[in-house]
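**Student:** Could you work out the structure for the sequence below:
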Amino acid sequence: MKRNSGSEKESSLFLEHTDCPVCGSRSIHLHKKGTRSIHAIQPEMVKITDSSYGEVWDLWKCGSCGHLFANPFPAPKHITSLYGASEDPLYHEEAPGRSKNFVPILNRLDRLRPEKGRLLDVGAATGILLRIAKERGWTPEGVEPSRWCVRFAADTYGLNLLEGDFFTVPLEENAYSAVTMVDFIEHIPHPFLTVEKAAQILEPGGVLCLVTPDIHSFTSRILGQKWWHLRPAHLAYFSRATIRILLERAGFTILSVRRYAWTFSLHYLLSRLKLLSFLLKNPRLGSFWKKISVKLALGDSLEVYAKKK
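**Tutor:** Numbering: from 1, shown residues only. So this is what the prediction gives:
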């Protein structure tokens with residue numbers, strides 16, 4: 001698969017799009033100047049629990065489909081190296097809450113693909129989703145660039161994740177009953193190539209599940225620059241319209257699009273809010289906050305299911 005086909009100009013560790021990474025239109029323009037230089041990106045900025053909210057690169061917009069994306073952006077190999085060096089112990093501390101996040105997804109996949117089979121989680125992190133999928137009778141497989149996450153998944157859950165880039169790890173075509181990408185596609189500068197490869201590895205009738213922030217959501221509009229999904233690790237911002245264009249262009253049929261709700265511990269949420277983080281200084285209170293789960297039905301993430309034709 002060609003990754004640098006005329007749609008971008010290469011310059012060392014960073015590239016520039018010359019057409020829209022969703023629809024392919026060359027009608028793209030600078031939409032908003034970034035708050036920091038993309039050349040300053042570090043592994044610490046791409047971990048799942050990073051809280052640099054409001055920090056973005058130069059954002060460009062497609063005049064044809066409206067897709068919003070970082071331009072320039074880190075080259076794919078550079079992205080893989082950044083995530084490869086990333087460590088995120090705080091992510092696992094939230095394992096109980098994150099497990100609750102993944103259960104509804106697996107419930108829907110169980111209904112859509114009752115025969116189950118092989119399930120590939122792309123951007124599998126420490127393997128929480130795959131652990132639950134295995135318990136439900138799926139054959140779990142995952143791809144994850146972080147060396148720390150891969151080791152953790154093996155040591156904690158006995159999962160052998162493929163370490164590396166989704167585009168370069170060996171994956172069998174027409175082999176998977178389901179592919180999940182939960183908060184993954186917004187980290188990728190080539191979303192069309194991403195879902196195109198998902199279509200290649202899915203068996204006929206196989207289902208792709210995407211979860212990604214919705215840039216047109218009410219929450220995003222209200223919070224503006226303070227929206228928590230505006231983060232250094234995010235290179236693309238989707239809407240219902242651009243997700244549909246992306247998936248249909250890659251040969252998928254949309255099955256459903258819904259709003260996704262996240263569950264976190266109160267401890268984690270307080271740690272995100274600098275004004276209230278003082279509440280965590282007392283160790284006893286900190287342990288108490290971890291036991292309280294909070295469901296955030298903010299409607300600012302899309303949960304999409306699409307079938308390979």
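
**Student:** What ranges does the stretch 51-200 of the chain have for its helices?
**Tutor:** Per DSSP state H, counting those that start in this stretch, the stretch 51-200 of the chain carries helices over the ranges 76-84, 89-93, 95-112, 128-135, 147-157, 191-201.

**Student:** Same list (these) but as a markdown table, adding mean neighbour count.
**Tutor:** Yep, even glycine has a C-beta here, placed from its N, CA and C like the rest. Output for the helices of the stretch 51-200 of the chain, formatted as a markdown table (neighbours: other C-beta atoms under 10 Å):
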| stretch | mean neighbour count |
| --- | --- |
| helix 76-84 | 18 |
| helix 89-93 | 15 |
| helix 95-112 | 16 |
| helix 128-135 | 21 |
| helix 147-157 | 18 |
| helix 191-201 | 21 |
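
**Student:** Between those, which has the poorest mean confidence score?
**Tutor:** Among the helices of the stretch 51-200 of the chain, helix 89-93 carries the lowest mean pLDDT, a mean of 78.

**Student:** Mind giving me the packing neighbours of that helix?
**Tutor:** Counting contacts by 3 or more C-beta pairs under 8 Å, 6 or more residues apart in numbering; DSSP states H and E, helix 89-93 packs against helix 266-272.

**Student:** hmm, 7 Å instead?
**Tutor:** Here helix 89-93 touches no other helix or strand, going by 3 or more C-beta pairs under 7 Å, 6 or more residues apart in numbering; DSSP states H and E.

**Student:** what about it, distance to the chain center?
**Tutor:** Put simply, helix 89-93 sits 17 Å off its chain's centre (C-alpha atoms, centre = their mean, to the nearest Å).

**Student:** May I have it exported as PDB, CA atoms only?
**Tutor:** The C-alpha coordinates for helix 89-93 follow below in PDB (Å, rounded to 0.1, in the frame of the first residue of the first chain):
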ATOM      1  CA  PRO A  89       0.600   3.700  34.100                       C
ATOM      2  CA  LEU A  90      -2.300   6.000  34.800                       C
ATOM      3  CA  TYR A  91      -4.200   4.400  32.000                       C
ATOM      4  CA  HIS A  92      -4.300   1.000  33.800                       C
ATOM      5  CA  GLU A  93      -5.300   2.600  37.100                       C
END
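
**Student:** What ranges in the protein fall below the confidence cut-off?
**Tutor:** Applying pLDDT under 70 to the chain picks out residues 1-11, 38-39, 49, 51, 264-294, 296.

**Student:** and if we set it to 50?
**Tutor:** For the chain, the stretches flagged by pLDDT under 50 are 1-10, 275.

**Student:** that older thread, what would the helices of the stretch 51-200 of the chain look like in a markdown table with distance to Cys209?
**Tutor:** Formatted as a markdown table, the helices of the stretch 51-200 of the chain follow (distance: least, C-beta to C-beta, whole Å):
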| stretch | distance to Cys209 |
| --- | --- |
| helix 76-84 | 21 |
| helix 89-93 | 20 |
| helix 95-112 | 6 |
| helix 128-135 | 10 |
| helix 147-157 | 19 |
| helix 191-201 | 10 |
